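>>> I'll drop the sequence and a predicted model, then ask my questions.
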Amino acid sequence: MRNEDTMLINDPATLAAVDAAFDAYERALTTNDVAMLDTLFWNSPHTLRYGATENLQGYDAIREFRAQRPGKGLMRSIVDRSITTFGDAFAVANITFRREGEPRIGRQSQTWVKVGEDWRVVAAHVSWRDE
C-alpha cells in the first residue's frame, strides 16, 4: 500500500525482516539473552528506552540496566501485535502483553531503523495499564 506521498507501507520483504527482528528481540527478552538484546539496540547516545520504572537515555545506560536486571519472571504472552513499516528502513512495533500473576496489561512500543543491513531499536517504551 502507498500513501499519498508514495511511501511504501508494509512492503512484504521489509515487514518480514522487521517481524524476524522483533521475534529475535522477544526470544532474547524472555530468555534474558542480554548479549542479543544489546545487539538489537542501536549503539548510540541517542537511543532511548523508557521502562515501567526507569527512563534510560543512551545505549550505555540501556546496556547497564539490562546487565543488572533480574533474569527471572520475564515470560509473557503477547495479546496483540502491530508492526508497520514505512519505506524500507523505518518501522514501528507495538504490542500488548500479559504476565502470569499480573492483573495489569503491559504495553510496549518500539521504533526500529535499518542501520546498515541490520534492524535496530532506536527508541522503546514499556508501561503497565490497569484493567
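Alright, I've got the coordinates.

>>> make it CA atoms for all contacts and neighbour counts henceforth
Fine.

>>> any idea which helix or strand carries the spatially most central residue of the chain?
Central residue of the chain (C-alpha atoms, centre = their mean): Q110, 4.0 Å from the mean position. Secondary structure from DSSP states H and E places Q110 in strand 105-115.

>>> next one: A61
helix 59-68.

>>> What are the buried residues along that helix?
Neighbour counts using 16 or more other C-alpha atoms under 10 Å place 59, 61-63, 66 of helix 59-68 among the buried residues.

>>> Following element in sequence after the strand holding Q110, please.
The element immediately downstream of strand 105-115 (helix or strand, assigned by DSSP H and E) is strand 118-129.

>>> same question for that next one, mean pLDDT?
The pLDDT scores in strand 118-129 average 97.

>>> these two touch, right, R63 and D38?
Yes - applying C-alpha atoms under 8 Å as the test, R63 and D38 come out as touching, 6.2 Å apart.

>>> Identify the residues contacting the nearest residue to A91 once chain neighbours are set aside.
Nearest residue to A91, sequence neighbours excluded (C-alpha to C-alpha, 6 or more residues apart in numbering): T85, at 4.1 Å. Neighbouring residues of T85 by C-alpha atoms under 8 Å, 6 or more residues apart in numbering: 9-11, 14-15, 18, 91-92.

>>> Which of those fall within helices?
14-15, 18 (DSSP state H).

>>> okay, D5: pLDDT?
So, for D5, pLDDT stands at 67.

>>> Leaving out sequence neighbours, find the closest residue to E100.
Nearest to E100 is R76, by C-alpha to C-alpha, 6+ apart, at 7.2 Å.

>>> Am I right that that neighbour is in contact with E102?
No - counting by C-alpha under 8 Å, R76 does not reach E102; the two are 10.0 Å apart.

>>> Those two: which is more packed in?
Taking other C-alpha atoms under 10 Å, R76 and E102 do not tie; R76 has more neighbours (15 against 10).

>>> So the spatially closest residue to D33 that is not a sequence neighbour versus R120, what's the distance?
If the residues on either side of it in the chain are set aside, D33 comes closest to R27, at 7.9 Å by C-alpha to C-alpha, 6+ apart. Counting by C-alpha to C-alpha, to the nearest Å, the gap from R27 to R120 is 15 Å.
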